[in-house]
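Visitor: the sequence and its predicted three-dimensional model are supplied below.
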Amino acid sequence: MIDRDTVLHVARLARLELSEEEVERLTIELGGVLEHIETISGLDLDGVPPTSHVIDVTGALRADEPEPCLPRERALESAPEVLDDGFAVPSPQA
Amino acid sequence: MTDLVDLTAAQAAAAIGRRELAARELFECYRDRAAADELNAFTWVAQEPPQAGDGPLGGVPLAVKDLFCTAGVPSQSGSRILEGYRPPYTATAVERLARAGAPLLAKTNQDEFAMGSSTENSGFGPTLNPWDRTRVPGGSSGGSAAAVAAGLAPWAIGTDTGGSIRQPAALCGIVGLKPTYGAVSRYGMIAFASSLDQAGPLTRDVSDAALLLMQMIGARDPRDATSLDYPGSVSLPTQTDLRGIRLGVPTELSGDGIEPGVLGAFEASLELARQLGASVERCQLPHATHALAAYYVLAPAEASSNLARFDGVRYGLRAQGATDLLDMYTRTRHDGFGAEVKRRIMLGTYALSSGYYEAYYGRAQRVRTLIARDFAATFERFDFVVTPTAPGVAFELGAKTADPYAMYLNDICTVPASLAGIPAISIPNGMAAPPGGGKSLPVGLQLIGPAFSEDRLLSVAFALEQALGFDGSAARR
């Protein structure tokens, strides 16, 4: 039901590198789980609205007032690499 | 020192209040026990008692699931991709409890990003069940559950997305409460599935759970747009009978797929509830059998989106030697995520991908509506719904790791309330032998109530708990 090409396509979408062994295993496992999930495809859902949030919330937005935010040095504290007060990432040009 | 461990958290707080016990002495007792832990329940243990508020919780220290951000203290959500990460801020729930007098004792082990039902998916090794160390403690809050059951922490908090507080509480013989969605702020919880995640207490008894919950709810948190002003309040339960309480037993969740020992303990407790004055009748949740399928679309879909942030740029692991940005992303995620997390990211990404969105995510959201409606209809005739918490007792390490769906079936009784966003509690319901025979292990009883019914839910749980008289001391040696 799920083939190898689909697994590779989805992995690209998910920005996930997979080893050859993982591709093979996930092809089998995802197919198995989706088979169970397919049981909801038989339900009559015409006219049933979707639920994304279970409890009614009104006025969830706060007032837009400036507040102190995280200082730059604290935000950068856990960064794997820092350059010029920012997050550094690998670049082919570097 | 062992007599200190015999005190419940409420009793310890009262003793501190009467100045019969020093908070520092209690902290040191538990710190030493936690540091000598042989169950791998912890990912970090405090050295010195942190500053705590002079609040009603008396200074009784708290174990906190790894996924709660705690400023300056490792917060890794059980994942190697966040190994050693020390966040710059603290989760609202943890901050509130510290202010109320429950300072941080330790961080507890969990399934990676809360994805699992056994704590075997932790990047830091599995936690063992204190009742039988060859078995799992349940999950994903398995470290919190094992720590409380073994007397390595007076009390703990965890999170529940599809059963991650209730199921480990059941498998470890303690109390676990998942509050109404929105009752407790999610700010600072490393997200798994945002429309389902909810923090709650894991405690030795119902009174301890009520004490913690009281401090976790309240005014809405401006930092979590889905948190709510809690309508009403929660008090310490005192009820000892169940007169006038109508309990519904859903046929869909109390027969097929439940181990005979668990079912036997469940039926005995229904009889006990009758003796306490409750009416107990069968009811129907016709769509509950589809809850697991809907959950395993919705939760992985939300997870695949939430976990996009782990890309090696701002914190956590970064794979070395990448040639460009995309290469760095994909290799970091390959190296940092465990097998179950990869599986769910793949499942969720597939369900949300072009051409499949409506067939999976759209349909699952509609099934969610039907499940919420089933509960609403049931609560017109019943005060609470009762089920076993988990379909079986604690299973052996490795028994379900080869088949993802066999592991997912652990959540069959807990997922429906999660999808409906309503509160549910698991209390110890005696012991039962595993299917193949052998030493008896704890069983859990689940009570599910309407939104914001926590106070009444705790009262009924308390009355049953008193009548059941569960003794968990054997696990605390």
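Guide: Sure thing, it's come through. Residues are numbered from 1 along each chain as shown, chains lettered A, B, ... in the order given.
Visitor: export the helix or strand hosting A:Ile28 as CSV, just CAs?
Guide: Per DSSP states H and E: A:Ile28 is located in helix A:20-37. C-alpha atoms of helix A:20-37 as CSV (Å, rounded to 0.1, in the frame of the first residue of the first chain):
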residue,chain,number,x,y,z
GLU,A,20,18.6,2.0,3.4
GLU,A,21,17.5,-0.2,6.4
GLU,A,22,15.1,2.5,7.7
VAL,A,23,13.5,2.9,4.2
GLU,A,24,12.8,-0.8,4.0
ARG,A,25,11.5,-1.0,7.6
LEU,A,26,9.3,2.1,7.3
THR,A,27,7.8,0.9,4.0
ILE,A,28,6.5,-2.2,5.9
GLU,A,29,5.6,-0.5,9.2
LEU,A,30,3.8,2.5,7.7
GLY,A,31,1.8,0.2,5.5
GLY,A,32,0.8,-1.8,8.5
VAL,A,33,-0.3,1.1,10.6
LEU,A,34,-2.2,2.7,7.7
GLU,A,35,-4.1,-0.5,7.2
HIS,A,36,-5.5,-0.1,10.8
ILE,A,37,-6.2,3.6,10.2
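Visitor: that helix: what's the following helix or strand?
Guide: Using DSSP H and E, the helix or strand that follows helix A:20-37 towards the C-terminus is helix A:72-76.
Visitor: what comes into contact with that following helix?
Guide: A:Val82, A:Asp85, A:Gly86, A:Phe87, B:Pro88, B:Arg314 (Cβ atoms under 8 Å, 6 or more residues apart in numbering or on different chains). Any C-beta I mention is one placed from the backbone N, CA and C, and that applies to glycine too.
Visitor: ranges for the helices of the stretch 201-350 of chain B?
Guide: Listed in chain order, the helices of the stretch 201-350 of chain B (DSSP state H, counting those that start in this stretch) span B:206-216, B:260-275, B:291-306, B:325-336, B:339-352.
Visitor: mind checking which of these is nearest B:Pro404?
Guide: helix B:339-352 (6.3 Å; Cβ to Cβ).
Visitor: could you point out which element follows the least confident helix or strand in chain B by mean pLDDT?
Guide: Here the helix or strand of chain B ranked lowest by mean pLDDT, DSSP states H and E is helix B:2-6, holding a mean of 85. Of the helices and strands lying after helix B:2-6 in sequence (DSSP H and E), the nearest is helix B:9-17.
Visitor: tell me which residues of the helix or strand just after that next one are tucked away?
Guide: Remark: after helix B:9-17, the chain's next helix or strand is helix B:23-35, criterion DSSP H and E. Of the residues in helix B:23-35, B:Ala23, B:Leu26, B:Phe27, B:Glu28, B:Cys29, B:Tyr30, B:Arg31, B:Arg33, B:Ala34 count as buried by neighbour count, 16 or more other Cβ atoms under 10 Å in any protein chain shown.
Visitor: out of those residues, which one sits closest to chain A?
Guide: B:Ala34 (25.5 Å; Cβ to the nearest Cβ).
Visitor: check contacts around the closest one.
Guide: B:Ala41, B:Phe42, B:Val45, B:Ala63, B:Leu105, B:Ala106, B:Ala147, B:Leu152, B:Ala153.
Visitor: what separation do you get for the nearest residue to B:Ala71 once chain neighbours are set aside and B:Ala219?
Guide: For B:Ala71, ignoring the flanking residues on the chain, the nearest one in space by Cβ to Cβ, 6 or more residues apart in numbering or on different chains is B:Thr90 at 4.6 Å. Note on B:Thr90: its distance to B:Ala219, by Cβ to Cβ, to the nearest Å, is 18 Å.
Visitor: ok, these two, which is more surrounded?
Guide: B:Thr90 (21 against 10; other Cβ atoms under 10 Å in any protein chain shown).
Visitor: and the pLDDT for the more buried one?
Guide: Listed pLDDT for B:Thr90 reads 97.
Visitor: give me the number of residues near the closest residue to chain B within chain A?
Guide: Going by Cβ to the nearest Cβ, chain B is nearest to A:Val54 of chain A, at 3.0 Å. A total of 22 residues lie near A:Val54 under the criterion other Cβ under 10 Å.
Visitor: might one say that it is in contact with B:Ser194?
Guide: No. Using Cβ atoms under 8 Å, A:Val54 makes no contact with B:Ser194, being 11.9 Å away.
Visitor: so which residue is dead centre in chain A?
Guide: Chain A has A:Ala14 as the residue nearest its centroid, 7.0 Å off, counting by Cα atoms, centre = their mean.
Visitor: low-confidence ranges, the chain, go.
Guide: Going with chain A. The model of chain A has pLDDT under 70 over residues A:93-94.
Visitor: actually chain B
Guide: B:1-2, B:52-53.
Visitor: would you mind giving the domain segments of it?
Guide: Domain assignment of chain B by automatic domain parsing yields the ranges B:2-245+B:380-401+B:413-476, B:289-365.
Visitor: check contacts around residue 54.
Guide: This is for chain A. By Cβ under 8 Å, 6+ apart, the contact set of A:Val54 is B:Tyr181, B:Ser195, B:Arg368, B:Ala372, B:Leu419, B:Ala420, B:Gly421, B:Ile422, B:Ala451.
Visitor: please go with chain B instead
Guide: Applying Cβ under 8 Å, 6+ apart, the residues near B:Asp54 are B:Gly101.
Visitor: that one and chain A, how far apart?
Guide: From B:Asp54 across to chain A, the span is 27 Å (Cβ to the nearest Cβ, to the nearest Å).
Visitor: number of residues surrounding B:Asn306?
Guide: Close neighbours of B:Asn306, defined as other Cβ under 10 Å, add up to 18.
Visitor: so it makes contact with B:Ala191?
Guide: Yes. Between B:Asn306 and B:Ala191 there is a contact at 4.3 Å, judged by Cβ under 8 Å.
Visitor: how about residues contacting stretch B:359-376?
Guide: A:37, A:40-41, A:43, A:45, A:48-52, A:54, B:284-288, B:290-291, B:293-295, B:297-298, B:301, B:350-352, B:385, B:416-417, B:419-422, B:448, B:450.
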